[in-house]
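In: Need a 3D model of the following:
(chains A and B)
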Amino acid sequence: MADRGGVAVSWSRHGGADCIRLAGLAGLAGLAGLAGPAVQVRIHPATAVALGTAPPTAGRLLRDGPDTCFLPRFPFLDGTAYVVTVDGAVVAELTRAGADDAATTEVLAIHPSAATVPRNLLRGYLWFSAPMSEGQAAGHVRLVDDDGDVLAGALLATEQELWDAGRRRLTVLLDPARIKRGLAPHREAGYPLRSGAPFRLVVDDGFRDARGRRLRAGAERRYQVGDDERRHVDPHAWTLRVPPIGTTAPLQVGFGRSLDHGLVARCLRVVGPEGRPVDGVADVGAEERSWRLAPRHGWAPGPHRLVVDPVLEDLAGNSVGRVFDRDLARRTDDPRGARPVAVTFHPA
Amino acid sequence: MTEYGLRVGRAELGSAGPITFGPAGILFLADNAAATVYAVDVADPGGRTAGSGPFDLTDVDARVGSLLGGDAADISIRDLAVHPDSGNIYLSVQRGHGEQAQAVLVRIDRADASISDVPLTDVPVASVTIADAPAPDDERVDVILPLGDEGEQITVGSRTIRILRRPIRTATVTDIAYVDGALLVAGLSNEEFSSKLRRIPFPFTDGADAAGNNLEIFHVSHGKWETAAPIRTFVPFDGGRAILASYTCTPVVHFPLAELAPGTKVVGRTVAELGAMNQPLDMVSFVQGGEEYLLVANTSHGLIKIARRDIDAQAPLTEPTEPVGVPRETADLQGITRLANLDGEHVLALQTDPDGRRHLRSLKSASL
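Out: This is a model prediction of the structure:
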């Protein structure tokens, strides 16, 4: 065996990519795949070395002057230690620097924004100021009671978390099996929430952002718990404040209860007398209990329609088209179809 | 272009999702970042001596991690599939977290347990988008500053910056299966709570976003409450004539595939419930003593085994009874998160041990 004491190993760059550079190998022999007798260079994550038979990390060995560079097929991971062996003998262990930047990401909003939620609350949303890492929610988002005790099993654990494409909005579901009547989990464990018992939705600062950094601070929102909500969302029962013709005053719509933050932002639109959408700026009101549309141009005379997508849900998952769990003995629970519902109004 | 409409190109996976084999060794891969399913010819090197007998591999996460340059903790094995001819094992792997996360398809050779990553560039590929057709008025996008050269360049005052607009509404594929010329896709929306099963004809046709094939399957609990919920996992059985599905709210529901006509309301028959604080993870059908059985992996109990004849005989659950539903056997096999048919005699399981290490393990069908 050649003496490997003279081999120097370091993090480096080659051709614009990160690599592990080995200097002093040339004195030993040629490299595998290159001219001369083969010297075998292998890289493994340090944690895999103990297995003995783990495959080496995939990559290429390239000559760079007198040095040899290992370029991994998949980029090195921050904070990971790599062991370098030459002909089976360990010559170095190198650790990639971890993300040590200061924390800058924070929780921007927690929905529902209502102070009181129904006992059969189904869903919440968390907005972050920057893209986040996946696989963190189960460990860093929870419901707790006023004593700080975790409401065990209240949130649904999904193998894949429900993010928007930018990974800034996370959807969390309460366990529907405990909310739906008649199911074994509901009978055995009951509702995740109790009427009259406040709780908090908590995000702790250990939730990692996409760069692996902690949050600047944790965040939470406290809720009172009311009774169950099991009615359809009924656009015909909404209150409309109808604007005057020719003005750009907003149409104001009151829902009578809080609706789902995610859906309310996409399920409402206004169509004018010509059948064309009314262009303007839409806002969701406090606690997601109202919505308004300020038109870009003055309101035209004639019939307008507020068109509601039937998938629009309230906080308990009841939609325009169906209730969350339908009592087959109650006619009022019957499904109301999958077509958009229109409420007609005339600017005055 | 191949017989199945695949063209040489790239399956650019953003996030590793469920995988399953279709005809002629074509692998379907769901990309949950892009709400897309790819069909890829994986050029399986089989054809030589196909592996046979049981296959076991300890510390599969650490071994895959070693190849991909990460620790076991950096490896998330999202699904597994077995090549129907060679018996080689394919893993859908998410490697790393956050910005460093990468979706990788990994192959484990049945004969010698060697591990390699499967190229997804310059391979025969076809794809289909499974997201619901965006509502015409859903212009909501999240605008972020990308790190690379993605997105578009805009000028604000004297500054030029690059921004990336990405949709807020997304669909996550929870499970996929191929039956008789169609890909069945179950998913979970990050907004509405619905039970959609999409049936997408394969070969994919232009514009086949399966919009006309969205099927909502309801189930009834105890004859009193009818409800819909997202499907977590499902398995075709009875020669592809029936589906057994398990929901986020844990009932195990049976429905015949023939009834799944677009636009019709399908009500499945609840045949079992998994119990409180328990989530279904994966299901597989296998044959034992000439009879078909289904295995259900779940978060709280060992594997649950259900005989097809009991499903056929099971009246819809109408009364709360314990144990709930069809007769089941709960094998002493804890920590199993994924299942696949290895061959006629073995079911392959991905098992997490009490120390959090993950292993591939063969279960002998005759002993289950």
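
In: May I have the predicted confidence score for residue B:193?
Out: Residue B:193 carries a pLDDT value of 86.

In: wait, doesn't it sit right on residue B:216?
Out: No: in this structure residue B:193 lies outside contact range of residue B:216 using C-beta atoms under 8 Å: 11.3 Å. (Glycine included, C-beta is placed from N, CA and C.)

In: Report the buried residues of stretch A:146-157.
Out: Buried positions in stretch A:146-157, judged by neighbour count with 16 or more other C-beta atoms under 10 Å in any protein chain shown: A:151, A:153-156.

In: now, which of the residues you listed sits nearest residue A:140?
Out: residue A:155 (11.3 Å; C-beta to C-beta).

In: which stretches of chain B have low pLDDT?
Out: Applying pLDDT under 70 to chain B flags the ranges B:47-51, B:131-151, B:164-166, B:206-215, B:222, B:262-264, B:314-332.

In: What segments of the stretch 51-200 of chain A are strands?
Out: Counting by DSSP state E, counting those that start in this stretch, the stretch 51-200 of chain A has strands at residues A:59-64, A:67-72, A:81-86, A:89-95, A:107-111, A:116-117, A:123-128, A:141-145, A:162-163, A:169-173, A:199-203.

In: Who are the packing partners of the fourth one?
Out: Think strand A:89-95. Identification of packing neighbours for strand A:89-95 by 3 or more C-beta pairs under 8 Å, 6 or more residues apart in numbering or on different chains; DSSP states H and E yields strand A:8-14, strand A:81-86.

In: buried residues in it?
Out: Those buried within strand A:89-95 under the rule 16+ other C-beta under 10 Å are A:91-92, A:94.

In: Quickly list what the nearest residue to residue A:109 once chain neighbours are set aside is bridged to.
Out: In space, not counting the residues next to it along the chain, residue A:109 is nearest to residue A:127; the distance is 4.3 Å by C-beta to C-beta, 6 or more residues apart in numbering or on different chains. Under DSSP bridges, the beta-bridge partners of residue A:127 are residue A:109, residue A:169.

In: For residue B:124, which of the strands of the stretch 51-200 of chain A is the nearest?
Out: Ranking the strands of the stretch 51-200 of chain A by their distance to residue B:124 (criterion: C-beta to C-beta) puts strand A:59-64 first, at 25.5 Å.

In: packing partners for that closest one?
Out: Identification of packing neighbours for strand A:59-64 by 3+ C-beta pairs under 8 Å, 6+ apart yields strand A:67-72.

In: and the strand it packs on, C-alpha only, in PDB?
Out: Presented in PDB, the C-alpha positions along strand A:67-72 are these (Å, rounded to 0.1, in the frame of the first residue of the first chain):
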ATOM      1  CA  ASP A  67      -5.300  17.400  -8.600                       C
ATOM      2  CA  THR A  68      -8.300  15.200  -8.800                       C
ATOM      3  CA  CYS A  69     -11.800  16.500  -8.300                       C
ATOM      4  CA  PHE A  70     -14.900  14.500  -7.300                       C
ATOM      5  CA  LEU A  71     -18.100  16.100  -8.700                       C
ATOM      6  CA  PRO A  72     -21.200  14.500  -7.200                       C
END
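
In: and the angle for it with strand A:81-86?
Out: Strand A:67-72 and strand A:81-86 are oriented at 130 degrees to each other (axes from the mean of the first three to the mean of the last three C-alpha atoms, to 10 degrees).
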